[in-house]
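Engineer: Below is the structure, and that's it, no one-letter string:
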């Protein structure tokens, strides 16, 4: 798999905090031809690449498996989805994040080359909450 396709595959695996197993298994499969790897009790991947000589220096690469996410906590009678965050996330950035269970005003605005405030103004929205199935004017 070339780097572009590998990055695309990695970015499209859902792995919110506490649910990283699919990503862990994907990585283990991808590195299996290049090094010895094991998973510790905390779920960390420990990979070791033996060289021909004893190196003067050792290199450690460190990264997080998990990503921030949201979890639906309630669906109101009017169809509004209420959610809470999973993992550390600054709530101000939620407008610019792609959400798998539906769109946000930020995503809709970007896709239509407009602004969140313009969509709010056109539709009489006071906040950023939208309902599943809701129709919005964007221009």
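Structural biologist: Nice, thanks for sending it over. Just so it is clear, the model here is predicted, and its values are computed rather than measured.

Engineer: Break this protein into its domains for me.
Structural biologist: 1-67, 69-123 (automatic domain parsing).

Engineer: okay, the ones you listed, which one's buried deepest?
Structural biologist: Ranked by mean neighbour count under mean count of other Cβ atoms under 10 Å, the domains of the chain are led by domain 69-123, which reaches a mean of 13. C-beta coordinates here come from the backbone N, C-alpha and C atoms, glycine included.

Engineer: Let me see the ranges of the strands in the protein.
Structural biologist: 36-39, 45-48, 69-75, 81-86 (DSSP state E).

Engineer: From residue 117, how far off is residue 21?
Structural biologist: Distance, residue 21 to residue 117, by Cβ to Cβ, to the nearest Å: 40 Å.

Engineer: How about residue 124?
Structural biologist: Counting by Cβ to Cβ, the gap from residue 124 to residue 117 is 13 Å.

Engineer: Who is the most centrally placed residue in the chain paired with across the strands?
Structural biologist: For the chain, the residue sitting closest to the mean C-alpha position, by Cα atoms, centre = their mean, is residue 67 at 5.0 Å. With DSSP bridges as the criterion, residue 67 is bridged to residue 16.
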